[in-house]
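K.L.:
Quick one, fold the following:
(chains A and B)
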Amino acid sequence: MVSNDDGVLRAPLRLEYPFTRTTGQVVGGFLTGLREGMVLGAKRADGTVMCPPLEYDPITSDPLTELVEVGQSGTVTTWTWNGEPRAQQPFSQPFAWAMITLDGADTPMLHGVLVDGPDAMSTGMRVSLQWRNEREGHIADIAGFVPEEA
Amino acid sequence: MRDIAVVASMQRQEKSIDNESEVEYMVPLMHGVKESIGITQADVGFTCSGSSDFIAGQAFSFVMTVDGANPVPPISESHVEMDGAWALYEAWVKMQTGEIDIALIYGYSKSSGGSLRDVLATQMEPFYVAPLWPDAFAIEALAARQLIESGKVSLEQLAEIASRSRDHAATNPNAVRTTAKSVADIMAEAPLMDPLRPSDIPASADGGCALILAAGDRAKDLCERPAWIRGIDHRTDAHTLGVRDLTTSMSARIAGEKAGVGNDKVDFAELYAPFTTSEFILTEALGLGEDTVINPSGGTLGAHTMMASGLIRIAEAAQRITNGDGDRAVATAGSGPNLQQNLVCVLEGE
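P.N.:
Okay, here's the model as predicted:
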């Protein structure tokens, strides 16, 4: 705190959320995997793989602990066209939102598909993951998906 | 179960309420609803509200509204960071104890100050989804495409829902999207978030609703034809979009069964269905047939006040029962992405 010549005390106001938390073994495992260029899912009691993984099974409430690597290509199960990237979105060009089931996983994940327009999109299309050059253990380490090369 | 009824309600919804704060426009509703049945805050055993700091942009924003309820001498009060319909549920549970006979419930928000569709991205799963900032329309569009491509519903059927909602909203002085539009004209709209068109999305509004619950004989004293709550239940689907079937609503189906929706005919239903697709999903999940009038108020396609739209559905259904327009109604409230959470309330007149 500083006092000016006028005797009024002044202090800077920084609007912040000054807490951190660990992401834990499952979420943290997935995010660390991204940093290392791998995509991990969680094995559920019925043998299916949830990707991205949660610490618990949302249907049975079982704790999930076993992480397995899944593929980096997958299938679009639904999509929409995001014509203008909104201010906070980590995409610089118009893109498609899509739910994508990666090979080896049984549940779809949300991400962007980087194509020129909605005409390039269809449910059932095959897409491949594109990594960002700099990765830090964040969902946006995946730059997006692109149509799989035939 | 103790018999509890909606005996009065008051609401205000406008596209944007520019020159009044949430507190300033809620005080007339909170006091007006009490005055309309000749009671004061001293008669109210419990006051419960629903609102959102995220939308208000201010921590503990609800405390200032409580100050507007005349909380001197001290009152018994609670708040949920949810739609006011969940405040009503809390009050209903408290009234079951038999300790209190009258409750004041209110819900409100003024979302016009920001971009609600973007603010709603903050309710998504925090590690994998929220950092990508998918807006609320995009998230619903993903479900809409699955619904259409699975053949469950067509774009024409969704346009019929939108067109009928506009017609109904035209009879509702609190609705904000009231201009008629034919199915053909809605079919011709360019997609806003493919396949959703402008008429498929909610008509965002500022506003709120205040409502009085009363038990047993007190309800009969205060209202000529109380709308009795015959069943109320709420359920939640998984937060993770990828593990849900987005073309159905398990939570609404179970809540509807627990609340007893199918035990008798339903004259009309007020559904918390922000999108045309949500209305289709809820109608199916609740098993509502063609003899049920859906959203006579125009629903959330006519006016959608976040944090109050669910409570307003209950208020609209109750008012119609009190007016004698029908004997049995269903009202729902919702929360979260893609109708993640649903509350179902069955109301009956005697």
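K.L.:
got a list of what residue B:331 touches?
P.N.:
B:85, B:269-271, B:310, B:313-314, B:316-318, B:344-345, B:347 (Cβ atoms under 8 Å, 6 or more residues apart in numbering or on different chains). Bear in mind the C-beta positions are built from the backbone N, C-alpha and C, glycine included.
K.L.:
One more: residue A:120?
P.N.:
A:96, A:147.
K.L.:
got it, and the one 3 residues further on?
P.N.:
In this structure, residue A:123 makes contact with A:76-79, B:145, B:149, judged by Cβ under 8 Å, 6+ apart.
K.L.:
now residue B:55
P.N.:
Here residue B:55 is in contact with B:109-111, B:114, B:116, B:119, B:306-307 (criterion: Cβ under 8 Å, 6+ apart).
K.L.:
now residue B:7
P.N.:
Per Cβ under 8 Å, 6+ apart, neighbours of residue B:7: B:37, B:212-214, B:219, B:222-223, B:226-227, B:322.
K.L.:
ok so it is a strand residue?
P.N.:
Yes - membership of residue B:7 in a strand is supported by DSSP: H, G, I helix; E, B strand; the rest coil.
K.L.:
Give me the residues contacting whichever helix or strand residue B:49 is part of.
P.N.:
According to DSSP states H and E, residue B:49 maps onto strand B:46-50. Residues from elsewhere that reach strand B:46-50, judged by Cβ under 8 Å, 6+ apart: B:41, B:62, B:65-66, B:69, B:71, B:75-88, B:90-91, B:94-95, B:100, B:102-108, B:307-308, B:311.
K.L.:
let's see 6 Å
P.N.:
Applying Cβ atoms under 6 Å, 6 or more residues apart in numbering or on different chains, the contact partners of strand B:46-50 are B:62, B:69, B:75-80, B:82-84, B:86-87, B:90-91, B:94, B:100, B:103-107, B:307.
K.L.:
Can you tell me which of those are classed as buried?
P.N.:
B:62, B:69, B:75, B:77, B:79-80, B:82-84, B:86-87, B:90-91, B:94, B:100, B:103-107, B:307 (16 or more other Cβ atoms under 10 Å in any protein chain shown).
K.L.:
Show me how to select, in PyMOL, the buried members of the contacts of residue B:55.
P.N.:
Selecting just the buried residues from the contacts of residue B:55 in PyMOL takes one command, with 16+ other Cβ under 10 Å as the test:
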select buried, chain B and resi 109+110+111+116+119+306+307
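K.L.:
Quickly check the contacts of residue B:55 for the two that are furthest apart.
P.N.:
Checked with Cβ to Cβ, the contacts of residue B:55 reach their widest spread between B:114 and B:307, with 13.7 Å between them.
K.L.:
which of the contacts of residue A:123 count as buried?
P.N.:
The buried subset of these (16+ other Cβ under 10 Å) comprises A:76-79, B:145.
K.L.:
Between these, which sits nearest residue B:33?
P.N.:
For those, the nearest to residue B:33 is residue B:145 (41.8 Å; Cβ to Cβ).
K.L.:
contacting residues around that closest one?
P.N.:
A:78, B:195.
K.L.:
Name the helix or strand for it, please.
P.N.:
Judged by DSSP H and E, residue B:145 forms part of helix B:136-149.
K.L.:
Can I get that helix as CSV, trimmed to CA atoms?
P.N.:
Written as CSV, here are the backbone C-alpha positions of helix B:136-149 (Å, rounded to 0.1, in the frame of the first residue of the first chain):
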residue,chain,number,x,y,z
ALA,B,136,-25.2,-22.6,-26.0
PHE,B,137,-26.6,-22.6,-29.5
ALA,B,138,-23.8,-24.7,-30.8
ILE,B,139,-24.3,-27.3,-28.1
GLU,B,140,-28.0,-27.6,-28.9
ALA,B,141,-27.3,-27.7,-32.6
LEU,B,142,-25.2,-30.9,-32.1
ALA,B,143,-28.3,-32.5,-30.5
ALA,B,144,-30.6,-31.1,-33.2
ARG,B,145,-28.6,-32.7,-36.0
GLN,B,146,-28.7,-36.1,-34.3
LEU,B,147,-32.5,-35.7,-33.9
ILE,B,148,-33.0,-34.9,-37.5
GLU,B,149,-30.5,-37.4,-39.0
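K.L.:
contacting residues around residue B:118?
P.N.:
residue B:135.
K.L.:
quick check, it in a strand?
P.N.:
No - counting by three-state DSSP, residue B:118 is not found in a strand; it is helix.
K.L.:
Distance check, the single nearest residue of the stretch 201-350 of chain B relative to chain A against residue B:125.
P.N.:
Residue nearest to chain A within the stretch 201-350 of chain B (Cβ to the nearest Cβ): residue B:238, separated by 3.6 Å. Computed as Cβ to Cβ, to the nearest Å, the residue B:238 to residue B:125 distance reads 10 Å.
K.L.:
okay, these two: which has more neighbours?
P.N.:
residue B:125 (19 against 16; other Cβ atoms under 10 Å in any protein chain shown).
K.L.:
how near is the more buried one to residue B:243?
P.N.:
11 Å.
K.L.:
do residue B:77 as well
P.N.:
Relative to residue B:243, and taking Cβ to Cβ, residue B:77 is found at 37 Å.
K.L.:
same question, residue B:2
P.N.:
38 Å.
K.L.:
Of these two, which one has the most company?
P.N.:
Neighbour totals were compared for residue B:2 and residue B:243, and residue B:243 leads with 18 against 12 (other Cβ under 10 Å).
K.L.:
Could you verify my assumption that residue B:192 touches residue B:202?
P.N.:
No - Residue B:192 lies out of contact with residue B:202 (Cβ atoms under 6 Å); the separation is 11.7 Å.
K.L.:
Neighbour count for these two, which is higher?
P.N.:
Neighbours were counted for residue B:192 and for residue B:202 using other Cβ under 10 Å; residue B:202 has more, 25 against 15.
K.L.:
Please list the residues of chain A that sit near chain B.
P.N.:
Applying Cβ under 6 Å from any Cβ of the partner chain, one finds that chain A approaches chain B through A:27, A:52, A:58, A:78, A:80-81, A:86, A:88-89, A:97, A:99, A:107-110, A:118, A:123, A:139.
K.L.:
now do the same end-to-end measure for stretch B:65-79.
P.N.:
11 Å (Cα to Cα, to the nearest Å).
K.L.:
now that stretch, how far from the centre of its chain.
P.N.:
Centroid separation between stretch B:65-79 and its chain, computed with Cα atoms, centre = their mean, to the nearest Å, is 23 Å.
K.L.:
Lowest-scoring secondary structure element of the chain by mean pLDDT?
P.N.:
In the absence of a named chain, this looks at chain A. strand A:2-3 (a mean of 66; mean pLDDT, DSSP states H and E).
K.L.:
I was after chain B.
P.N.:
helix B:53-56 (a mean of 87).
K.L.:
Buried residues, that helix. List them.
P.N.:
B:54-56.
K.L.:
Could you pull up the mean pLDDT of whichever helix or strand comes after it?
P.N.:
Downstream of helix B:53-56, the next assigned helix or strand under DSSP H and E is helix B:61-67. Mean pLDDT, helix B:61-67: 94.
K.L.:
Could you pull out the buried residues of helix B:61-67?
P.N.:
For helix B:61-67, by 16+ other Cβ under 10 Å, it's B:61-62, B:65-66.
K.L.:
Quickly note the distance from residue B:225 to residue B:14.
P.N.:
29 Å.
K.L.:
Residue B:91 too?
P.N.:
26 Å.
K.L.:
and what of residue B:299?
P.N.:
For residue B:299 relative to residue B:14 (Cβ to Cβ), the value is 17 Å.
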